[in-house]
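A.B. asks: sequence? don't have it. structure:
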């Protein structure tokens, strides 16, 4: 190898151990299904495949927890790591620069926490998938779920545009296929095709925006882009190429998180996809995309958010604020009119994307710096938990009724009172009623939005928060319809059977977690803040060399001067 | 006197093909035709990436060829996307005997 | 000379792209697409990225275009292969395309490059690599002269994980496409037209009824 090639440290693969395990395990599941499970009865085969998949998810979860332990040790007591793993390995693990693969990927406690969250959600989704029969290609189905998760974990960890793009595509392409897996229904195929067409158009737009960003900054690393833009650049003033790049990137992410006006696919896909796949699109994909969006917009393109007086106006902050306002209002209004449970959840998830965008807009201008993004992280956790539980109910309906209208829930309160109570908890959390975690998530996001420096943005964000509160009240109406169906109406038609553990466990577990996190929000708040900070400040390994570009940002490292005009306050 | 091609020519070409591809996406109803228009858009982005790579001065430590690597990844993704897209289109075709996006109608959106 | 070459290639490429988008016959559109891919490959050669041009020809023309042709052939009889342009949306679509082009062209002309370099419109020639006085110049001239090797090095070091992920993506696409396209009893049982699905008049397609039989 020629001397000027920077070598790769092969130990970097330790940092992506959960992803590697899941990727390999997908093949293991397909192999097991082909070799052994295919001979079983459909029921037994489904359970066997599900258990095999769960074993892999458990393994990956174990490795993620182990890495989290190692990384937290590296922060507190790195000497212990050297004692445990020897000089070279311990020294490697004790590094806290937080980047691997020559800076293309982040590692560290933040990444581990996100991985644990995604894997825990995945375990529930996999378990949910064993509850009823919707496909006969079970090995392939579970493998695609695992591979989509690999994409999500790397998407949330990526620090570089090429990595980001390929991870984003892996996630969505696996989900396109999984959406169309319900063979017995035409709507599943249609949903898959719709998702595919909207998705690939948006990723083409995204890619074009990405190429413009690369052209403007000369680098594909988030940190290098951020430094380049921060150095002596007057915001977006007069820079139409930058503005187009920004808008195109916003289209790409807006599609992934289902923000208006790129939300058209969401209701159809959520309705048409099998319930567990819809759950995974609504939670895992959204969590990963939002984290990636935070990184790109706040870390790389952060300098373009700040208001300036010139023609192009206030940078992306204004655009995101408008999108957030429209998204939450549209989502909530459209959800009011829905009779289908899954469509209602789709519109509700659009509305939640709106609240999250408020958090994103706030994080870019907050006086708190990157810690303000902790609100978004907290909200994402809570939202994902509540939604997995809500989609487990949809799976239950699909199993016993073969349909998913809200009226199919009639009389559930009398039939299985405990689970119905759990559903009540989930719905209340989605509305944002105290003492459940949804309330605290909204409170946290909105509080961060109010804590602003410049007066211009403060007014905008205050209006956004007011609109968000109004919307929360509005959202109560459609969530309450679910409760009304469960408790106030008599069951009609075929009654809903008892939920076996595959369905009951996700519902109960998420309801319990949502309650616990609402009553004791402290630890998770701390965790979200500590996740958000390294995520948005990861520095490049190499310092700019002298003979390269003037690199004017070198003297003001981004971690220190978060926003040049307002000095960082602790 | 230089006879080299200005960077902006490549960018104009790419912008024009991107716009043509986008028009095609909006104009076409046939799913396969939409797929073709998407391929045009991806190629436009690739031209951009390679032109920026060749003409730009790189930021420090970003490797010798980020643009080319990204373009290669895009080509890979495009191949995967077309395979999956055709799988989905054929699936829908078997159900409806039609490839026009407008004619699938089980979902209300 | 190089400029004339570029103009010729670009003009052909844009014509081919227009042909792809506007051709009523899908097979013809597909052939135009092949021509477009080829023009883009030629542009890669002009940009001194021959390896990429080879990859473009092999993958885009050799695989993607052929796959698309298969897709066209397999779904041909239903669409009648023509007149699938959406009637009412023609003008807004063309206007949107023109608007996007105008915005992008204006942006290209007036970029405020944050990198300290001049705007894109003023970059009239590629940076000279001859006196290799900076590290990146040596790196780049090596990348140009020995592209396959440098691509390999990059994929084995800096982009190792992206490379692995691309492999995973292709595996997933393969597995998924096979699972989707597999014929089975379940698919056949629902392939019968449901009421309302076939009864609707074709939207914005030819008045000729589709003379479809199962292949």
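C.D. replies: Received it, and whenever you're ready, just let me know what you need. What you see is a predicted model, and the numbers here were worked out from it, not measured in a lab. Residues are numbered from 1 along each chain as shown, chains lettered A, B, ... in the order given.
A.B. asks: Excluding chain neighbours, what is closest to residue A:98?
C.D. replies: Nearest residue to residue A:98, sequence neighbours excluded (Cβ to Cβ, 6 or more residues apart in numbering or on different chains): residue A:108, at 4.2 Å. To be clear about C-beta, it is placed using only N, CA and C from the backbone, and glycine gets the same treatment.
A.B. asks: right, I mislabeled it, should have said residue A:508
C.D. replies: Sequence neighbours aside, residue A:422 is the residue nearest to residue A:508 in space, at 5.4 Å (criterion: Cβ to Cβ, 6+ apart).
A.B. asks: What number of residues are in the vicinity of that neighbour?
C.D. replies: For residue A:422, the tally of surrounding residues (other Cβ atoms under 10 Å in any protein chain shown) stands at 24.
A.B. asks: The helix or strand where it lies: which residues count as buried?
C.D. replies: Secondary-structure assignment from DSSP states H and E places residue A:422 in helix A:417-431. Of the residues in helix A:417-431, those buried under the neighbour-count criterion (16 or more other Cβ atoms under 10 Å in any protein chain shown) are A:419, A:420, A:422, A:423, A:424, A:425, A:426, A:427, A:428, A:429, A:430, A:431.
A.B. asks: need these in a markdown table with distance to residue A:152, can you?
C.D. replies: Putting the buried residues of helix A:417-431 into a markdown table (distance: Cβ to Cβ, whole Å) gives the following:
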| residue | distance to residue A:152 |
| --- | --- |
| A:419 | 28 |
| A:420 | 31 |
| A:422 | 26 |
| A:423 | 26 |
| A:424 | 30 |
| A:425 | 26 |
| A:426 | 22 |
| A:427 | 26 |
| A:428 | 28 |
| A:429 | 23 |
| A:430 | 22 |
| A:431 | 27 |
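A.B. asks: Report the central residue of chain C.
C.D. replies: For chain C, the residue nearest the mean C-alpha position is residue C:37 (7.1 Å; Cα atoms, centre = their mean).
A.B. asks: which residues of chain B fall in strands?
C.D. replies: Chain-ordered strands for chain B, with DSSP state E as the definition, do not occur.
A.B. asks: Might you report the residue contacts of the most centrally placed residue in it?
C.D. replies: In chain B, the centroid-proximal residue (Cα atoms, centre = their mean) is residue B:42; its distance is 1.7 Å. Contact analysis of residue B:42 by Cβ atoms under 8 Å, 6 or more residues apart in numbering or on different chains lists A:204, A:207, B:74, B:77, B:78.
A.B. asks: make it 10 Å
C.D. replies: Neighbour list for residue B:42: A:200, A:203-204, A:207-208, B:18, B:21, B:71, B:74-75, B:77-78, B:81, C:60, C:64 [criterion: Cβ atoms under 10 Å, 6 or more residues apart in numbering or on different chains].
A.B. asks: Do the strand or helix carrying residue A:156 and chain B come into contact?
C.D. replies: Counting by DSSP H and E, the element that carries residue A:156 is helix A:138-157. No - with Cβ under 10 Å from any Cβ of the partner chain as the threshold, helix A:138-157 lies outside contact range of chain B, at a closest distance of 10.7 Å.
A.B. asks: Packing partners of that helix?
C.D. replies: With contacts taken as 3 or more Cβ pairs under 10 Å, 6 or more residues apart in numbering or on different chains; DSSP states H and E, helix A:138-157 sits against helix A:17-35, helix A:42-76, strand A:105-106, helix A:109-129, helix A:161-179, helix A:275-280, helix A:286-294, helix C:160-181.
A.B. asks: one more time with 6 Å
C.D. replies: Using 3 or more Cβ pairs under 6 Å, 6 or more residues apart in numbering or on different chains; DSSP states H and E as the contact definition, the elements that helix A:138-157 packs against are helix A:17-35, helix A:42-76, helix A:109-129, helix A:161-179, helix A:286-294, helix C:160-181.
A.B. asks: picking that back up, now the residue nearest to the centre of chain C: closest residue in space, sequence neighbours ignored.
C.D. replies: residue C:60 (4.3 Å).
A.B. asks: Residue numbers of chain A in contact with chain C?
C.D. replies: Residues of chain A lying close to chain C (Cβ under 6 Å from any Cβ of the partner chain) are A:5, A:8, A:23, A:101-102, A:137, A:140, A:144, A:147, A:162-163, A:166, A:170, A:174, A:177, A:180, A:183-184, A:218, A:228-229, A:233, A:238-241, A:244, A:547, A:550.
A.B. asks: Is it possible to get JSON lines of the helices and strands packed on helix A:138-157 that adds distance to residue C:138 and mean pLDDT?
C.D. replies: Shown next, in JSON lines, are these (distance: least, Cβ to Cβ, whole Å; pLDDT from 0 to 100):
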{"stretch": "helix A:17-35", "distance to residue C:138": "35", "mean pLDDT": "94"}
{"stretch": "helix A:42-76", "distance to residue C:138": "36", "mean pLDDT": "92"}
{"stretch": "helix A:109-129", "distance to residue C:138": "34", "mean pLDDT": "94"}
{"stretch": "helix A:161-179", "distance to residue C:138": "22", "mean pLDDT": "95"}
{"stretch": "helix A:286-294", "distance to residue C:138": "34", "mean pLDDT": "93"}
{"stretch": "helix C:160-181", "distance to residue C:138": "23", "mean pLDDT": "93"}
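A.B. asks: Which one of those helices lies nearest to residue A:214?
C.D. replies: helix A:161-179 (6.5 Å; Cβ to Cβ).
A.B. asks: Any residue of the helix or strand just after the closest one touching chain B?
C.D. replies: Helices and strands here follow DSSP H and E; after helix A:161-179, the next one along the chain is helix A:186-217. Yes - on the criterion Cβ under 6 Å from any Cβ, helix A:186-217 is in touch with chain B at A:186-187, A:189-190, A:192-193, A:196-197, A:200-201, A:204, A:207-208, A:211, A:214-215.
A.B. asks: from these, which single one is nearest chain C?
C.D. replies: Using Cβ to the nearest Cβ, residue A:186 comes nearest to chain C of these, at 6.1 Å.
A.B. asks: pLDDT score assigned to the closest one?
C.D. replies: According to the model's per-residue confidence, residue A:186 sits at a pLDDT of 83.
A.B. asks: roughly how far apart are it and residue A:435?
C.D. replies: As defined by Cβ to Cβ, to the nearest Å, residue A:186 lies at a distance of 44 Å from residue A:435.
A.B. asks: again with residue A:200
C.D. replies: Applying Cβ to Cβ, the value for residue A:200 to residue A:435 is 43 Å.
A.B. asks: Lovely, talk soon.
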